[in-house]
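Peer 1: Structure, please.
(chains A and B)
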2 protein chains.
Amino acid sequence: MKNNDSVEIQLISSIRKNFPQMTKVPRGFVGIGDDCAVIPQSASQMQIVSTDMLVEGVHFLFNRIKPEDLGYKSLAVNLSDIAAMGGIPKYAFLSMSLPKNFEYKWVKKFYKGFQDLAKTHKVLLLGGDTTGSGIISISVTILGEVNLKKIKKRSMAQAGDLIYVTGPLGDSRAGLEWVLKESPIYPKNIQTLVHRHYRPRPHIEEGLWLSQFPQVHAMMDLSDGLASDLRQIQTQSNCGAQIELDNLPLSAELLSAAQNLKFDPKSYALLGGEDYVLMFTVEKSSGPALEKKFFKKFKRKLFKVGSVTSKSNRLEVKGDADSEYKPLSKTIQGFRHF
Amino acid sequence: MKNNDSVEIQLISSIRKNFPQMTKVPRGFVGIGDDCAVIPQSASQMQIVSTDMLVEGVHFLFNRIKPEDLGYKSLAVNLSDIAAMGGIPKYAFLSMSLPKNFEYKWVKKFYKGFQDLAKTHKVLLLGGDTTGSGIISISVTILGEVNLKKIKKRSMAQAGDLIYVTGPLGDSRAGLEWVLKESPIYPKNIQTLVHRHYRPRPHIEEGLWLSQFPQVHAMMDLSDGLASDLRQIQTQSNCGAQIELDNLPLSAELLSAAQNLKFDPKSYALLGGEDYVLMFTVEKSSGPALEKKFFKKFKRKLFKVGSVTSKSNRLEVKGDADSEYKPLSKTIQGFRHF
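Peer 2: Numbers count the residues shown, from 1 in each chain, chains lettered A, B, ... in the order given. This next block holds a predicted model:
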């Protein structure tokens, strides 16, 4: 259900163009374009469905990820989609293609990672398919449920809303960059960042808690990076957004690694993907009270990163409170010139 | 949900052994091991879910299958699983990995094939995922529904039942063998067989109609070949089976091609896969009446191919009415000596 990939963007636009009937769904349903599809089950109860595919060489490197981490992450990215709708995950289906000579031990560890997370969220693995292949590909489908009144869609943002995220940004990207270096040494802080890349915690509880507030409007999980994902909200809600870079939540580990390894932590926070925290918009007047309630409930802070504007599809950023908002070019290259 | 693949058999047995909690499901549910998973939705209504993965080089050869045929077949094999439970297909989710330089035309044709069949069965495509990859892999998940009283499981066969199939056997295998020859010429009858390989018709209507009869016990779709699939029924129902080879339904096209190309059509009918017709067992006394009703409804014959025995996991075959039943060795090699 992610949209960062150029293949996917081309494909979705080609589907919309050639098969409009595929994107036009009956009243009450949600089809392609949100974190989950929505299927009405009764007047108040909605079934939500998410499916994600992970492919060796594209989403993971076989020799760099532990099988138990891959199993965990295969489920986590789907659970995060359920969290983004304010839903409860219920059932999982896992399909895998594996090389003919796969090691039994590898699969056992993969299942352990998958199952550990499934147990945490009381998710029941009910089926799947397994087949041979030259490379490993993994397809997970999750069924969940949500009350109609609590459902949070990407299309619900309103001009004037504040934009929040439920956790620090950029850690996963920094972890990935380190993994790609193929260095045998893992400094202590880097280990934490790599762990956040491989074992993102799906914010199921946060999503469920936030879903009870009608003042919370749009919500989605951050899989492709704050800027890229915010564009999805903008497109679906026909709005714009402003982000203040100084407000992006950066972990102590990210700041320390950035200093040692000479990268720009704000750039990772704005553009790096796979954070798997939630981003949501909330009525301006309700923001401060929600921050307090969230802290009381989770003993952690909510992070206000910007606000929704009426400037359709315009994403603006500013470096600090004193500077002015400037449009963020739609490409990462654009940002480098910023 | 198929079990012919050695990778899958190993994997499923490893799951059962290491994660018994994964195969133990709450009362009313069905997990791994049938055509579909079953999720109770109300006292009488069950949701059924099937998922299948098709991988380039394993399930299809990119240069030998038309994209519209591949789109059709990707959905058809899943619909066939729904048919096997006596259910109605409702919603589809389609995930694909595609090479970065995929041709837009190819994808358009793939969707056309998928969508044509979806329309026929009023199936709504509600989502999916698309990603880059070196090879094409396709994962389809179907959600359907069935009434609790009508559901047909692999575990429901009873000793004494007659075994029927809803269409001719072996055509798809003969079509596949021709495709693998890579001959540029397609004789007329071969075209029909190749079409049956690429465009199997899921027997949704037949499954739905059969599901109304309590005398119909076990049912499944034939994806891996009659003998192999019958072993699934035997395992799940703790029974045996006898097949009379002379009774296997062979199409005129198969018989003609067998004569020209010198293959044994009964061997293809017994062991060749991807027929995607339904196999079911029915109370012996109800068989003849059901045959008549089926003919009246569908203007086609039902084919009686054998019967269920109490000999646990023993599959026996005989060549004609006059010979005696002998055990079919559990390997295809075994059959060649038969």
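Peer 1: now the strands for the stretch 151-300 of chain A?
Peer 2: Assignment of strands within the stretch 151-300 of chain A using DSSP state E, counting those that start in this stretch yields the ranges A:162-165, A:216-221, A:240-244, A:278-282.
Peer 1: what angle sits between the third one and strand A:278-282?
Peer 2: Relative orientation of strand A:240-244 with respect to strand A:278-282: 110 degrees, computed using axes from the mean of the first three to the mean of the last three Cα atoms, to 10 degrees.
Peer 1: strands paired with strand A:240-244, and their directions?
Peer 2: strand A:303-309 (antiparallel), strand A:315-318 (parallel) (DSSP bridges).
Peer 1: Include mean pLDDT when you put the ones you listed into a markdown table, please.
Peer 2: Shown next, in a markdown table, are the strands paired with strand A:240-244 (pLDDT from 0 to 100):
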| stretch | mean pLDDT |
| --- | --- |
| strand A:303-309 | 97 |
| strand A:315-318 | 93 |
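Peer 1: For those, please prepare TSV with the additional fields mean neighbour count.
Peer 2: Quick note: C-beta positions are derived from backbone N, CA and C, even for glycine. Listed next are these as TSV, based on neighbours: other Cβ atoms under 10 Å in any protein chain shown:
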stretch	mean neighbour count
strand A:303-309	21
strand A:315-318	20
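Peer 1: Can you add distance to A:Val25 and give the ones you listed back as CSV?
Peer 2: CSV is the format used below for the strands paired with strand A:240-244 (distance: least, Cβ to Cβ, whole Å):
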stretch, distance to A:Val25
strand A:303-309, 26
strand A:315-318, 28
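Peer 1: before we move on, back to that, of the strands of the stretch 151-300 of chain A, which stretch is the most buried?
Peer 2: strand A:278-282 (a mean of 28; mean count of other Cβ atoms under 10 Å in any protein chain shown).
Peer 1: helices or strands next to that strand in the packing?
Peer 2: In terms of contacts (3 or more Cβ pairs under 8 Å, 6 or more residues apart in numbering or on different chains; DSSP states H and E), strand A:278-282 is packed against strand A:162-165, helix A:204-210, strand A:216-221, helix A:226-237.
Peer 1: Helices along chain A, start to end?
Peer 2: A:6-18, A:20-23, A:67-84, A:104-120, A:171-181, A:188-198, A:204-210, A:226-237, A:252-261, A:265-271, A:287-298, A:332-337 (DSSP state H).
Peer 1: Just say which of those helices is most tucked in.
Peer 2: helix A:67-84 (a mean of 26).
Peer 1: residue contacts, A:Gly160?
Peer 2: A:Glu283, A:Lys284, A:Ser307, A:Val308 (Cβ atoms under 8 Å, 6 or more residues apart in numbering or on different chains).
Peer 1: same thing with A:Ile142?
Peer 2: So A:Ile142 contacts A:49-51, A:75, A:78-79, A:81-82, A:89-93, A:123 (Cβ under 8 Å, 6+ apart).
Peer 1: worst-scoring helix or strand of chain A, pLDDT-wise?
Peer 2: Least confident element among the helices and strands of chain A, by mean pLDDT, DSSP states H and E: helix A:332-337 (a mean of 35).
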